[in-house]
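[1] generate coordinates for the sequence data below:
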Amino acid sequence: MLSDPSRKYQPFPAVALTDRQWPGRTLTRPPIWMSTDLRDGNQALFEPMNGERKMRMFRTICSVGIKEIEVGFPSASQPDFDFVRTLITGGHIPDDVTIEVLTPAREALIRRTIESLEGAKRAIVHVYNATSKPFREIVFGMSKPEVVALAVAAVKLIRELTDARPQTEWVLEYSPETFSGTELEFALEVCDAVTAAWGARPDRKVILNLPSTVEVASPNVYADQIEWMHRHLARRDGVVLSLHPHNDRGTAVAAAELGMMAGADRVEGCLFGNGERTGNVDLVTLALNFYTQGVAPGLDFSDINAVARTVEHCTQLPIHPRHPYVGDLVFTAFSGSHQDAIKKGFAAQQADGIWQVPYLPIDPRDVGRSYDSVIRVNSQSGKGGVAYLMEAEYGVVMPRRMQVEFSRVVQMRTEETGTEVSAEEIWNLFEQTYLGADRSLQYLAHHLYEHGDVQGVRLRLSIDGQTVDVAGEGNGPIDAAVHALQQAGWTAQVRSYEERSMSGEPEGSMARACAFVEVVGSTAGAECYGVGIDANIVSASIRALVNGVARLARAEPDSVRSGNPAAA
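    Residues are numbered from 1 along each chain as shown. So this is what the prediction gives:
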């Protein structure tokens, strides 16, 4: 049993705000969005992103419509400094996107930070220092006047350095770190001193970012703090009031929503909530919460699977299958009563009517998803389901999204026959569905070769019964095979790739690899899995790709198949 918490913890004090206004308000417009995936999110990773992953993440953040992006902490590491320089000198920043960088309130680090931004069209310099009592007294040993002086000196230095570089449009952002644990009167004193030092006015706004660096109270308390600051700030018309909620209590999304009701203009967070400890506020969830209330968030998540797969690749962190809006199982009903209600809701739903399908707060099609009704085979035939049978009997461990996809195939068979299906019947269905039964496109052989720094592959294919030899090059065997297929007139994009050894192989046999490739057509519509099984993992991977593209062509022929070259 837990010890008596009253001996160790104290409730966070309430804010003296008896006439609070935020509880009576509703959200009618989205905030200014700022992504900190490449800074706060990146520094929280066990293995920080390399240059390739950073660039891919940056482009994805731009593609969904976020216009302010914190791209690094250039004074903290050479890789961060170099990435900022690459963005600027390489012309990678869209004209309507502003990059932001973070720096502590220390002279040498501020100078290094401004150096990293040389030549930027527009940049936000984000400076911070901790303001709460534990940090003042325990960490830094500073008095309140010393904390204020440190912030003001940093801002004056940034103003001096940026005034000397008029070719860049400069914006100041200041964060009283640990704001949510700071006495409000003192937080106000520091923030007002900063806006005065910068000369904040309507045409020269300062971003005042008020973070719940550690979430220490319920979200209504955070909203009270924001409303109190919103009311009392000097030069409020020269301030963009920003939120940076963390998720220590699991209420970061609620804190952001209530904070906006309380007067905030802007929200900082990460796609799917990555960040220190329990993470930053999840910008995807927050944006789609707006969407389900009839408010356009200004961000594009119409192909949410593509965004999710990119973020998983870049961060090397999996997205939970029950994650709001994007989890692999959030649009999947296993319960018979849920399935029945949803089916009836779809039948009654008018194409141009208000969305009101039971159990589905959002139309899955709006985020590029579909509703999956899954009936698992029972314990007599499957001991818990199709996925269990495939693993237990045949050693095939399917990716979760593929489990859902294949379960639909099995469900169709059970509905056609009205009987249970055996393990052998399920395996036959698996072979017919995924292992190259389509005669229009089949793998015959391949040969790998090196071409400088790239990988090449020569593919021999059977296309409509005709043998065709094609070649392609890429950053690996799969990428090279994708380009080879394009030469053959078959176009698709790889959405995800997994490989596993097959467990339970017969004793004495050669271990085989099983590869799973998820592909999508050029119009980013249907998604299909292909599977390849071979003793050689590269062979398994290429087989899986070819099988997946063949399946996809049946679903979306116009977006996949553009021609058929003559046989070599």
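[2] how distant is stretch 389-409 from the center of its chain?
    In terms of Cα atoms, centre = their mean, to the nearest Å, the centre of stretch 389-409 is found 25 Å from the chain centre.
[3] just for the stretch 251-400 of the chain, where's the confidence low?
    When residues are selected by pLDDT under 70, those of the stretch 251-400 of the chain lie in 336, 372-385, 388.
[4] try the stretch 451-568 of the chain
    Checking the stretch 451-568 of the chain against pLDDT under 70 turns up 503-510, 523-525, 563-568.
[5] how are the helices of it distributed by residue range?
    Ranges of helices in the stretch 451-568 of the chain, per DSSP state H, counting those that start in this stretch, are 477-487, 537-555, 557-560.
[6] got it, and the stretch 151-300 of the chain?
    Secondary structure of the stretch 151-300 of the chain (DSSP H, counting those that start in this stretch): helices at 184-198, 219-232, 252-261, 283-292.
[7] and among those, the most buried is which?
    When you average the neighbours per residue for each of those (mean count of other Cβ atoms under 10 Å), helix 252-261 leads with a mean of 24. To be clear about C-beta, it is placed using only N, CA and C from the backbone, and glycine gets the same treatment.
[8] now what about that one, what contacts it?
    Residues outside helix 252-261 that contact it (Cβ atoms under 8 Å, 6 or more residues apart in numbering) are 22-23, 25-27, 31, 212, 215, 219-220, 222-223, 226, 243, 245-246, 267, 269, 273, 279-282, 285-286, 289.
[9] same question, stretch 180-191
    When contacts are defined by Cβ under 8 Å, 6+ apart, stretch 180-191 is touched by residues 15, 131-134, 144, 147-148, 151, 174, 176, 179, 208, 210-217, 222, 225, 228-229, 232-233.
[10] hmm, back to that, just put the helices of the stretch 451-568 of the chain in CSV and tack on mean neighbour count and distance to Lys344.
    Converted to CSV, the helices of the stretch 451-568 of the chain look like this (neighbours: other Cβ atoms under 10 Å; distance: least, Cβ to Cβ, whole Å):
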stretch, mean neighbour count, distance to Lys344
helix 477-487, 21, 42
helix 537-555, 24, 27
helix 557-560, 17, 33
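[11] so the spatially most central residue of the chain versus His323, what's the distance?
    Closest to where the C-alpha atoms of the chain average out (Cα atoms, centre = their mean) is Leu271, at 3.9 Å. Per Cβ to Cβ, to the nearest Å, Leu271 is found 11 Å from His323.
[12] cool, and Ser496?
    Ser496 sits at a distance of 16 Å from His323 (criterion: Cβ to Cβ).
[13] so what's Arg204 bridging to?
    Beta-bridge pairing for Arg204 (DSSP bridges): Arg201.
[14] ok, it touching Glu169?
    No: counting by Cβ atoms under 8 Å, Arg204 does not reach Glu169; the two are 10.6 Å apart.
[15] list the contacts for Val367?
    Leu288, Phe301, Ser302, Asp303, Ile304, Tyr325, Val326.
[16] could you redo the last one with a cut-off of 10 Å?
    With contacts taken as Cβ atoms under 10 Å, 6 or more residues apart in numbering, Val367 has the following neighbours: 284, 288, 291, 301-305, 307-308, 325-326, 330-331.
[17] do the same with Asp438
    For Asp438, the contacting residues are Gln432, Gly530, Val546, Asn547, Val549, Ala550, Arg551, Ala553, Arg554, by Cβ under 10 Å, 6+ apart.
[18] closest one of the residues you listed to Val64?
    The closest of the contacts of Asp438 to Val64 turns out to be Val549 (Cβ to Cβ; 26.9 Å).
[19] which residue packs closest to the closest one, ignoring adjacent ones?
    Ala492 (4.8 Å; Cβ to Cβ, 6 or more residues apart in numbering).
[20] ok, that neighbour - how many residues close by?
    Using other Cβ atoms under 10 Å, the number of residues around Ala492 comes to 25.
[21] surely it touches Gly548?
    Yes: counting by Cβ atoms under 10 Å, Gly548 is a contact partner of Ala492 at 7.4 Å.
[22] shared neighbours of those two, anything?
    Common neighbours of Ala492 and Gly548 (Cβ under 10 Å, 6+ apart) are Val517, Val519, Val520, Cys528, Gly530.
[23] and the fourth one, what are its bridge partners?
    What it means is Cys528. The partner residues for Cys528, given DSSP bridges, come to Val519.
[24] quick one, what contacts Trp22?
    220, 223-224, 226-227, 230, 257-264.
[25] in CSV, list the helices of the stretch 451-568 of the chain along with distance to Gly353.
    Converted to CSV, the helices of the stretch 451-568 of the chain look like this (distance: least, Cβ to Cβ, whole Å):
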stretch, distance to Gly353
helix 477-487, 41
helix 537-555, 28
helix 557-560, 30
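[26] nearest to Leu87, of the ones you listed?
    For Leu87, the closest of the helices of the stretch 451-568 of the chain is helix 477-487, at 24.1 Å, according to Cβ to Cβ.
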